[in-house]
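Novice: Quick one, fold the following:
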Amino acid sequence: MDTANGDERGTTERVLTLLGLLQQRRAWTGPELADRLAVTTRTVRRDVERLRTLGYPVHAGPGVGGGYRLGPGTDLPPLLLDDEEAIATVVSLVAGAGGAIPGAGDAALRALSKLDRVLPTRLRHEVRALSASVESFGGADPLDPQVLMTLAGACRDEVEAGFDYPSGNEVHRRRVEPYRLVASDRRWYLLAYDLDRDDWRSFRIDRMTDVAARTWSYRPRPAPDAAAYVQEGVTGRVYRHRARVLVHASADAVRARVSASSAVVIPRGDGRCEVRSGAASLDAILVHMLLLGHDFEILDPPELATHAHDLARRLLAIGPPTPPAANPREP
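Specialist: This is a model prediction of the structure:
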């Protein structure tokens, strides 16, 4: 075995891991990086120098901890992209994050957030101008890509964010600890801890204005499941009636037949699942459950079960179908 080549591959993998860590968070101390990479702080310093020689602008802060952060550079790091290729890449990611590419939203947003950290200043104006011309249909509602990048960066760097948000007929300034961005069928939401209301909240990003990341960092709190929290909140806000139903079918089978924006499907074991759904009327909920094609039990609310029994009684009163009349010309 070629030991020298093996050591070189190990160093390369470690340096790439270091680059990934620097892209995940605004700043790291030397000991934090050393712990993540399972090396000494001296090795971290050497690896940082390797990144700098490759063109990555890694800045070192003062202090015993030796803080490091990845800053914007005068040139793109060595992905070997020229200016036109870099612009095309960013605009394509904007389209993906905005829903023009089905299923690509989350991955495109993560990549866009990373690339924005190292995009040369001279390209930013051109990228934003071109991004404004990107539209889509059949996906999420269009959003300002800079708002998405600002919120994604605040989530990544664990810093507070502020924005104006409507409540009734008034607009209030909200101060939050941003946690996750969640994409639904047509909209983007932010799950965040609302500092003024001292509780978790979800916010529609298209309703935000004057969005800005703040300089105050925060210590992450134990958080609910972002997708489930936002999904359940959406069904509760949109629909007048809500229900919990135990369906005698697997969660995967039920998810294939319901919209993510209209129901939350929770596995319950033994081949069953709980469906938390909403609709404008109790009849609509019952129709949706019947169309699933599986047996079900109504858990909540009680009036839905009463309504189901009344509907069943009316249907049974119709009686059996009348057989078709015989055709006299048939033998």
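
Novice: Can you pull out the residues in contact with whichever strand or helix holds residue 276?
Specialist: Taking DSSP states H and E as the criterion, residue 276 maps to strand 272-279. With contacts defined as CB atoms under 8 Å, 6 or more residues apart in numbering, strand 272-279 is touched by 232, 235-236, 238-251, 254, 258, 262-268, 285, 288-289, 296, 299. All C-beta atoms are positioned from the backbone trio N, CA, C, and that covers glycine.

Novice: What's the mean pLDDT across that strand?
Specialist: In this model, strand 272-279 has an average pLDDT of 83.

Novice: Pull up the pairing partners for that strand, direction included.
Specialist: Sheet pairing of strand 272-279 (DSSP bridges) gives strand 241-247 (antiparallel), strand 263-269 (antiparallel).

Novice: which intervals of this structure have sub-threshold pLDDT?
Specialist: 1-10, 62-66, 72-143, 145, 184-186, 234-240, 259-262, 324-331 (pLDDT under 70).

Novice: Now do the helices in it.
Specialist: Taking DSSP state H as the criterion, the chain carries its helices at 3-24, 30-37, 41-53, 83-97, 105-118, 121-131, 145-157, 226-238, 251-255, 282-291, 302-317.

Novice: residues of stretch 275-294 that come out buried?
Specialist: Neighbour-count burial for stretch 275-294 flags 275-279, 282, 284-286, 288-289, 292, 294 (criterion: 16 or more other CB atoms under 10 Å).

Novice: for the chain, longest strand please?
Specialist: Criterion DSSP state E: the longest strand present in the chain is strand 170-183.

Novice: What are the buried residues along it?
Specialist: 174-183.

Novice: Which members of those residues are the farthest-apart pair?
Specialist: 175 and 183 (23.9 Å; CB to CB).

Novice: sorry, back to before: so which of the buried residues of stretch 275-294 comes closest to residue 15?
Specialist: residue 276 (46.9 Å).

Novice: hey, what's that closest one bridged with?
Specialist: residue 244, residue 264.

Novice: State the distance from it to residue 315.
Specialist: 26 Å (CB to CB, to the nearest Å).

Novice: For residue 294, give me phi and psi.
Specialist: Note on residue 294: its backbone torsions stand at phi -130, psi 150 [degrees, to the nearest 10].

Novice: Test my guess that it contacts residue 247.
Specialist: Yes: between residue 294 and residue 247 there is a contact at 5.3 Å, judged by CB atoms under 8 Å.

Novice: where do the contact lists of these two overlap?
Specialist: residue 254.

Novice: what domains does the record give for this structure?
Specialist: 19-70, 83-142, 146-226, 239-316 (automatic domain parsing).
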